[in-house]
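Novice: what's the 3D shape of this:
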Amino acid sequence: MASLVSTLTSYLPQHPGLLPQWLLLVSIVSIANSVQAYTTLSFTSRVYAGPSPSASKPKPPSANLMHPSAPHSPATPLSSRTFGTWTAIQSMVRLYAAYNISDANMYQMAFLTYVVAWLHFMSEWLVFGTARWGQGLAGPVFVANGTLVWMWVQWGFYVSS
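Specialist: Coordinates of the predicted model:
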């Protein structure tokens, strides 16, 4: 059993601290999220739930015809697959950074993936109104916010200038 555990842990990033393992975990979850974005609209529609039902903006009349399973969501099969592709690309950068966290360029690229994600989710919520605060949006926003702060604070620990 000890041999199995040591074999499995040998695949984890071999850097001190928890940030590399966090980046690996988020990458694995993101890859799974990419797969589901290609296979169902269910989860994407939770993030992009559309404006609150009490919002004053009227919906276009075609909205319910285009998305009968999620009448308030602007998500479409194409937008879900595009989101899945975008998520897969970001997860690859983060995965590579988890194993190369002391490389300043990789650290910055991973950091920038969280900046882009944060800007995307916040603009979809606050500017475009395609997302609304709730369980579907809270997870990505908390992960992006927390990881941005963590990476900002830990730069000097992982990257030597």
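Novice: centre of the chain to the helix or strand containing Ala88, how far?
Specialist: Following DSSP states H and E, one finds Ala88 within helix 77-99. Relative to its chain's centre, helix 77-99 lies at 8 Å (C-alpha atoms, centre = their mean, to the nearest Å).
Novice: remind me which residues of this structure are low pLDDT?
Specialist: Within the chain, the set of residues satisfying pLDDT under 70 comprises 53-71, 161.
Novice: okay, which residue is most central for this protein?
Specialist: What sits nearest the mean C-alpha location of the chain, by C-alpha atoms, centre = their mean, is Pro140, with 5.3 Å.
Novice: can you name every helix or strand that the helix or strand in which it is found contacts?
Specialist: Element membership of Pro140 [criterion: DSSP H and E] is helix 135-158. Where contact means 3 or more C-beta pairs under 8 Å, 6 or more residues apart in numbering; DSSP states H and E, helix 135-158 is packed against helix 19-39, helix 42-47, helix 104-126. Using the backbone N, CA and C atoms, a C-beta is placed for each residue, glycine as well.
Novice: how close does Ala97 sit to Gly156?
Specialist: Distance, Ala97 to Gly156, using C-beta to C-beta, to the nearest Å: 16 Å.
Novice: more neighbours, the two?
Specialist: Set Ala97 next to Gly156 and count neighbours by other C-beta atoms under 10 Å: Ala97 wins out with 26 against 8.
Novice: surely the more buried one and Met109 touch.
Specialist: Yes. Taking contacts as C-beta atoms under 8 Å, Ala97 lies within contact range of Met109: 6.5 Å.
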